[in-house]
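> Need a 3D model of the following:
(2 chains)
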Amino acid sequence: MTAVRTMPDGEAPATAPAAPGAPAPRSPGRMRRALKAVTPGPTPDAGGAAIYRRWWLPWLWMLPAVFGAAAFGVFPFLNTLLLSFTDAKPLGGAAGFVGLDNYTRMLGDSDFWLATRNSVLYALIVVPLMVVLPLLLAVLVEKNLPGIGFFRSAFYTPVLASSVVVGLSWQWLLADQGLVNTWLEKAHVIRGAIPFLSDSWLILLSAMGLTLWKGLGWYMIFYLAALGNVPKELHEAASVDGAGAARRFWHITVPGVRTSMMLVGTLTGIGSLRVFTEIYMLGGSTGGPGGADRTLPFYIRDVGLDPLSGNAGYGAAVSVALFVLTLGLTLLAQRLTKEDES
Amino acid sequence: MRARRLTGSLSCLVVLTLTAAGCGLSGGSDDGGATAGGCSVDKGNVGSGKLTGDVKGKITFQTTNLKKDFGKYFNGVIASFEKAHPGTTVKWIDDPGDSQFTQRLVADAQACTLPDVVNLNVNTSISLTKAGYLLDLDKKAPGSGAPFGPAIWKSSMFTDASGAKTHSAYPWYSGGIAQTFNVDLMKKAGLDPAKPATTILGMFDDALKIAKVSGGKYYATVANPIWRIPADWQQMGVKVLSDDGKSFTFADDPKTVAWVTAMTKMYQAGAMPKDSLSSNQDASTLYAQGKLVYGSTNPNYLRFIQQNNPSVYKKTGVAQYMLDDLGHTVGAPQYISVAATSKNAPTALSFAQFLTNAQNQLEWAKDPNVVIFPSTTASLDDPFFQSVKGTDPFSEARKIVAEDRKTSTADEIALSPGELNAITAQVQLAMQGKKSAEDALKEAQSKADELLKQGS
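This next block holds a predicted model:
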């Protein structure tokens, strides 16, 4: 999706300062001491090893990675930041500096706030479910029972399917005369179709369902790997002490995969703030009737990404807002986890 | 010491990045010579005075997604041109025409490397003309519009950088527009297939009759207003955009209010599937399943129906599109333009005229696998279009649309996707009964105006 590409990357600023790593400048010193120890004579520097002491050498080793991070992370990020203070347009010639105009417009735009609400709501509902459900699924399929491979593969299949195919299938499922409504009507649970695809709240919830369904298998794999590291002895010992399955899950499994849960939480948090395809597939190009289901990336596409008439400056300002929101939520999650730990 | 080196290196990196970022913001430079769209160009390509020069050398020619089906035809046209003008070479590029098409085109334009002869749609023609990337045909090739149908040529004008209307593209092929409908379902609803509606609101009235008898088993059409905006309004004679192109005017016309009110009635009465209000699917799929009375207005979809459901194809009737208050149809053809940045503009111009001439356009239209209509008068007058035999929907469509093309005009306005979404969203709210037609249109106009102001 184009919206994501031009947006500041959540990871970008973190990778850049990390690049000039601390161990690099230290190594020549260590090497010098080592050389002094083994090299007799007054001029150890005259040896070929001197080349390893040039200050720029570690930079040379890091150049490909630094270049990659600068070209695809730092540069687009800074460019977006700069663009957000301009009125740049794709075919408008030179961009003019407009100060904080784009930000002022953004804060006064009810559509922006609606999109922000939808994105935040998406994260608040999807993240907890995405942290817990795949873990339960992983616990279910972890045991090596006959035929378990089938279930593992089945749960993983949605991850492999393309978003468009998944979106179309869900459209057929949720249509007024689709599978879900037909079943419910036949079972006399409902009279008249549930408007999954025309009610804005139901579209948003259905899109969340789609995100969850598509992500379950992926994060299940994360947890399967983590579960492998939880010592079996702990479970055995707890069983001997009379702990039931629920208790063992709560007191052994959950603490054992805690790090993975934090990772899944962070990743899905970032992912759910970037949701576009699910809304587009179920809510159409307006983002639901009246545009009521538009998320921030959707809004950015509408105002800033049209290659002919998009307002790149305003689009960039909203992108920066999305970045700040992502960063804010990630930091908040980290703080909450730390407090929890302490 | 180490800290200083580190600081130095980091500063270098930041300065480099900022410089690069700065470059990303700046436009093209102006060296005082002839320029078009910020690119230095040959003096003959811009300003007044006819374009002169030898037709020889190499040019590039870009089409949009035509190689797979029509490779033979284009290679033939290129070979004849090269034969007629010895010493010329035409390098043919076929863009896949996917969602990134416009982005690639804009990137080419900004890099001053647009193909010499390029196939454009109405949106890109409007924007590239405004930015000065296309050759002004009125100045550089006066009189070259003569072969085209007067109505289509007169309306194929776009606003240039100075705000003046000019020809910057030759109208090329067009899919045309016609009414298609399921004759059986129409009869079931008590409508006469021999007398289809002649106005938009007339058709909406028929749709209400359909809703009354269908009982949810079939529908008149799909609900999403995105497929009808702004075409329906234009057909009803509504002025959508002000003359200077700087503000929208559709909400000021009572006809648009009547249109939104009628759409709301149809939606509420069940003339359209409720779940299609914001759906990306147009009428063609449901029509092919025999669930809609009115099919797509693009005659090319008849082939899709024929392939997907021959029984529905056999029941399909075709009629002239509703002429309504406008009195003729409007539709954007494909365009052929010459880049103002071309290094070999005389050859490019000559090839553009050759490609769009009556003979070459007719030859392509005769391809049995496609229903397309030429823009030149002589080709539309050809017996191929004038004495169509057969009564199958394909032949009917060819006959009806060829006649219609003679008076049809080109779209002089094109909503950007953002504007279209903003307007559509408000109409959807009205259809759901969440807003009055007047309020929805006012809000739609104000949102579209804001986007227009920001994007121009």
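> Could you tell me how far B:Tyr287 is located from chain A?
16 Å (CB to the nearest CB, to the nearest Å). C-betas here are computed from N, CA, C, even on glycine.
> Wait, a helix at that residue?
Yes - assessed with DSSP: H, G, I helix; E, B strand; the rest coil, B:Tyr287 lies in a helix.
> Quick check: the residue nearest to the spatial centre of chain B vs chain A, distance?
A centroid search over chain B (CA atoms, centre = their mean) returns B:Ala332, at 4.2 Å, as the residue closest to the centre. Between B:Ala332 and chain A the computed distance is 14 Å (CB to the nearest CB).
> Which pLDDT value belongs to that residue?
pLDDT, B:Ala332: 85.
> what's the answer for B:Pro86, then?
Per the predicted model, pLDDT is 95 at B:Pro86.
> count of neighbours near it?
8 (other CB atoms under 10 Å in any protein chain shown).
> Now it: phi and psi?
phi -60, psi 140 (degrees, to the nearest 10).
> And the closest residue to it other than its chain neighbours, what's its pLDDT?
Counting by CB to CB, 6 or more residues apart in numbering or on different chains, B:Pro86 lies nearest to B:Lys56, which is 8.0 Å off, once chain neighbours are set aside. With respect to pLDDT, B:Lys56 scores 92.
> Touching, B:Lys56 and B:Thr88? I think so.
Yes - the criterion here is CB atoms under 8 Å, and B:Lys56 meets it with B:Thr88 at 5.6 Å.
> Residues that sit against both of these two, list them.
B:Thr347 (CB atoms under 8 Å, 6 or more residues apart in numbering or on different chains).
> Which one of the two is surrounded by more residues?
Legend: neighbour count by other CB under 10 Å for B:Lys56 and B:Thr88, higher for B:Thr88 (20 against 15).
> In this structure that one contacts B:Val55, no?
Yes - at 6.2 Å, B:Thr88 counts as touching B:Val55 under the criterion of CB under 8 Å.
> Quick check: neighbours shared by those two?
Shared contacts of B:Thr88 and B:Val55, defined by CB under 8 Å, 6+ apart, comprise B:Thr347.
> Confirm B:Val338 sits in a strand?
Yes - membership of B:Val338 in a strand is supported by three-state DSSP.
> Please tell me how far it sits from A:Ala161.
Going from B:Val338 to A:Ala161 by CB to CB, to the nearest Å gives 45 Å.
> Looking at those two, which one has more neighbours?
Ranked by neighbour count (other CB under 10 Å), B:Val338 and A:Ala161 place B:Val338 first, with 33 against 12.
> Tell me which residues touch the more buried one, please.
B:116-118, B:134-135, B:137, B:345, B:348-349, B:352.
> Just the closest of the residues you listed to A:Gly287, please.
For these, the residue nearest A:Gly287 by CB to CB is B:Val118; the value is 32.4 Å.
> Could you grab the helix/strand/coil label for the closest one?
strand.
> The closest residue to it other than its chain neighbours: how many residues sit nearby?
Of all residues not flanking B:Val118 in the chain, B:Gln62 sits nearest, at 4.8 Å (CB to CB, 6+ apart). Residues contacting B:Gln62 under the criterion other CB under 10 Å number 21.
> ok, now B:Arg228?
18.
> OK, contacts around it?
With contact set as CB under 8 Å, 6+ apart, B:Arg228 has these partners: B:Met263.
> Next to chain B, which bits of the stretch 151-300 of chain A? Give me the list.
A:171, A:174-176, A:193, A:195-198, A:203, A:280-281, A:283-291 (CB under 8 Å from any CB of the partner chain).
> does the residue nearest to B:Val118 count as helix, strand or coil?
B:Gln62 - assigned by three-state DSSP - is strand.
> what's the offset of stretch A:88-97 from the middle of its chain?
What separates the centre of stretch A:88-97 from the centre of its chain is 31 Å, taken as CA atoms, centre = their mean, to the nearest Å.
> what comes into contact with it?
A:83, A:85-87, A:306-313, A:316, B:25-28, B:37-38, B:106, B:109-110, B:127-128, B:130-131, B:455.
> Local confidence estimate at the spatially closest residue to A:Ala207 that is not a sequence neighbour?
If the residues on either side of it in the chain are set aside, A:Ala207 comes closest to A:Glu278, at 4.0 Å by CB to CB, 6+ apart. With respect to pLDDT, A:Glu278 scores 92.
> neighbours of A:Glu278, just the number please.
For A:Glu278, using other CB under 10 Å, the count is 26.
> One more: the one 3 residues further on?
Using other CB under 10 Å, A:Met281 has 22 other residues around it.
> looking at it, it is touching A:Ser162, isn't it?
No - with contact defined as CB under 8 Å, A:Met281 does not reach A:Ser162; the gap is 10.9 Å.
> A:Gly315 versus B:Thr377, what's the distance?
On the measure of CB to CB, B:Thr377 and A:Gly315 end up 44 Å apart.
> Kindly report the same for B:Lys255.
34 Å.
> Between these two, which has more neighbouring residues?
A direct count of neighbours by other CB under 10 Å for B:Lys255 and A:Gly315 places A:Gly315 higher, at 27 against 17.
> ok, for that one, nearest residue in space, not its chain neighbours?
Using CB to CB, 6+ apart, the closest residue to A:Gly315 is A:Gly304 (1.5 Å).
> wait, isn't that neighbour in contact with A:Gly310?
Yes - with contacts counted by CB under 8 Å, A:Gly304 reaches A:Gly310, the gap being 4.8 Å.
> Who has more neighbours out of the two?
Ranked by neighbour count (other CB under 10 Å), A:Gly304 and A:Gly310 place A:Gly304 first, with 28 against 25.
> what sits against the more buried one?
Per CB under 8 Å, 6+ apart, neighbours of A:Gly304: A:310-316, A:318-319.
> 6 Å instead, please
With contact taken as CB atoms under 6 Å, 6 or more residues apart in numbering or on different chains, A:Gly304 is in contact with A:310-312, A:314-315.
> Can you name the two of those that sit furthest apart?
A:Gly310 and A:Tyr314 (8.5 Å).
> For the host helix or strand of B:Glu450, C-alpha coordinates in CSV please.
B:Glu450 is part of helix B:437-455, with elements assigned from DSSP states H and E. Written as CSV, here are the backbone C-alpha positions of helix B:437-455 (Å, rounded to 0.1, in the frame of the first residue of the first chain):
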residue,chain,number,x,y,z
ALA,B,437,-30.2,15.9,0.4
GLU,B,438,-29.5,19.6,0.7
ASP,B,439,-27.2,19.3,3.7
ALA,B,440,-25.3,16.4,2.1
LEU,B,441,-24.7,18.2,-1.1
LYS,B,442,-23.7,21.4,0.7
GLU,B,443,-21.2,19.5,2.8
ALA,B,444,-20.0,17.5,-0.3
GLN,B,445,-19.4,20.8,-2.2
SER,B,446,-17.5,22.4,0.7
LYS,B,447,-15.3,19.3,1.2
ALA,B,448,-14.6,19.0,-2.5
ASP,B,449,-13.8,22.7,-2.7
GLU,B,450,-11.3,22.4,0.1
LEU,B,451,-9.6,19.5,-1.7
LEU,B,452,-9.6,21.4,-5.0
LYS,B,453,-8.1,24.5,-3.3
GLN,B,454,-5.4,22.4,-1.6
GLY,B,455,-4.5,20.3,-4.6
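> still on that earlier bit, am I right that the residue nearest to the centre of chain B falls within a helix?
No - counting by three-state DSSP, B:Ala332 is not found in a helix; it is coil.
> B:Leu362 and B:Trp153, how far apart?
The value you get for B:Leu362 to B:Trp153, if CB to CB is used, is 17 Å.
> Appreciated, that's everything.
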